[in-house]
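J.: Below is the sequence, then the predicted model.
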Amino acid sequence: MKTRTGDSGSETYYRSDRFYSEQGAWYAKTREGDELGPFDSKSEAKEGLEVFIEMNSDMLDADLDLTGDG
């Protein structure tokens with residue numbers, strides 16, 4: 001199993017599912033713990049999370065360009 005840089009590999013890590021259903025609606029959780037949704041299906045929740053990640057990545061790239069760090 002691959003480990004991240006700085007990880008010794010001896011710890012056990014549990015990755016919870018980012019998608020869950022509640023009262024018939026689907027939601028996605030970001031790494032920061034924010035909740036996205038409700039969505040009609042799990043596939044729509046996955047798509048919504050992908051859009052969220054892409055938008056935040058684009059905003060980070062724009063911030064780096066403005067500060068001259070990129």
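T.: Nice, I can see it.
J.: and the residue lying closest to Arg18 once chain neighbours are set aside, what is it in contact with?
T.: Closest residue in space to Arg18, ignoring its immediate chain neighbours: Lys29 at 5.0 Å, by CB to CB, 6 or more residues apart in numbering. In this view, the C-beta of every residue, glycine as well, is placed from N, C-alpha and C. Residues in contact with Lys29 (CB atoms under 8 Å, 6 or more residues apart in numbering) are 18-20, 35-36.
J.: Against Asp61, how distant is Lys29?
T.: In this structure, Lys29 and Asp61 are 23 Å apart, going by CB to CB, to the nearest Å.
J.: just to revisit the earlier point, filter the contacts of Lys29 down to the ones in strands?
T.: 19-20, 35-36 (DSSP state E).
J.: Please enumerate the helices of this protein.
T.: For the chain, the helices defined by DSSP state H cover 42-67.
J.: Low-confidence regions, it specifically.
T.: Low-confidence segments of the chain (pLDDT under 70): 1-16, 64-70.
J.: Any chance of a markdown table for the ones in strands among the contacts of Lys29, columns distance to Ser43?
T.: As requested, those are exported to a markdown table (distance: CB to CB, whole Å):
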| residue | distance to Ser43 |
| --- | --- |
| Phe19 | 10 |
| Tyr20 | 14 |
| Glu35 | 18 |
| Leu36 | 14 |
